[in-house]
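**Q** Below are the sequence and a predicted model; questions follow.
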Amino acid sequence: MNEDCIFCKIVNGDIPAFRVYEDEHVLAFLDITQGTRGHTLLVPKKHVENAYGLSEEDAAMLFKRVPKIARAIKHAFDPIGLNIINNNDQPLQSVFHVHIHLIPRYASDGMVLSMKDRQDEYGKEDYEAVRKAIKESLGH
């Protein structure tokens, strides 16, 4: 536990939260912002700052709970879709305790989550260079 971490405080029960699921490894609770109705956060109980610090075992414990929470949100609210997001480091990670956002999507929710299409900027050589850099870094 990190004494300065708000999510550790929630896990420990020092700060109240609207808990939706809990087991020995993870806690799921409503995101206080409720970007959309049912917006839920899934966190490991063990403090890990971001995805870069997750062991494969910790990642498995965390991510294997995603379908369970996703299905519960689908059953409860019948959204048209669901975004599953994990932000790491700046500029988007606001709480430095790894967490997964499950954000139900509705036809008129006003949410904008998008990325720029840059495929016109990449040729075969560019894709190959990116592929090679990632593949060579897999062992680090």
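**A** The structure has been received and is ready for your questions.
**Q** Longest helix in this protein, please.
**A** helix 124-137 (DSSP state H).
**Q** what sits up against that one?
**A** Outside of helix 124-137, the residues that reach it under the criterion CB atoms under 8 Å, 6 or more residues apart in numbering are residue 122. Backbone N, C-alpha and C define where each C-beta goes, glycine included.
**Q** show me the contacts for residue 93.
**A** 50, 87.
**Q** again, only this time at 6 Å
**A** By CB atoms under 6 Å, 6 or more residues apart in numbering, the contact set of residue 93 is residue 87.
**Q** Then residue 49?
**A** residue 96 are the contacts of residue 49 under CB under 6 Å, 6+ apart.
**Q** Read off the pLDDT value for it.
**A** Model confidence at residue 49, given as pLDDT, is 94.
**Q** ok, now how distant is the closest residue to residue 31 other than its chain neighbours from residue 18?
**A** Nearest residue to residue 31 in three dimensions, chain neighbours excluded: residue 39, at 4.3 Å (CB to CB, 6 or more residues apart in numbering). Remark: distance between residue 39 and residue 18 (CB to CB, to the nearest Å) = 11 Å.
**Q** quick one: residue 105 and residue 81 touch, right?
**A** Yes: with contact defined as CB atoms under 6 Å, residue 105 counts as touching residue 81 (4.1 Å).
**Q** Neighbour count: those two, which is higher?
**A** Comparing residue 105 with residue 81 by other CB atoms under 10 Å, the one with more neighbours is residue 105, at 15 against 11.
**Q** And that one, what's its pLDDT?
**A** 95.
**Q** do residue 33 as well
**A** 92.
**Q** Secondary structure class of it, three-state.
**A** coil (DSSP: H, G, I helix; E, B strand; the rest coil).
**Q** Kindly report the same for residue 9.
**A** Residue 9 ends up helix, using three-state DSSP.
**Q** what sits against it?
**A** residue 15.
**Q** shouldn't the residue nearest to residue 31 be in contact with residue 105?
**A** No: applying CB under 6 Å, one finds residue 39 not in contact with residue 105, separated by 10.2 Å.
**Q** before we move on, back to that, so residue 39 and residue 18 - more neighbours on which side?
**A** The neighbour comparison of residue 39 against residue 18 (other CB under 10 Å) goes to residue 39, with 18 against 11.
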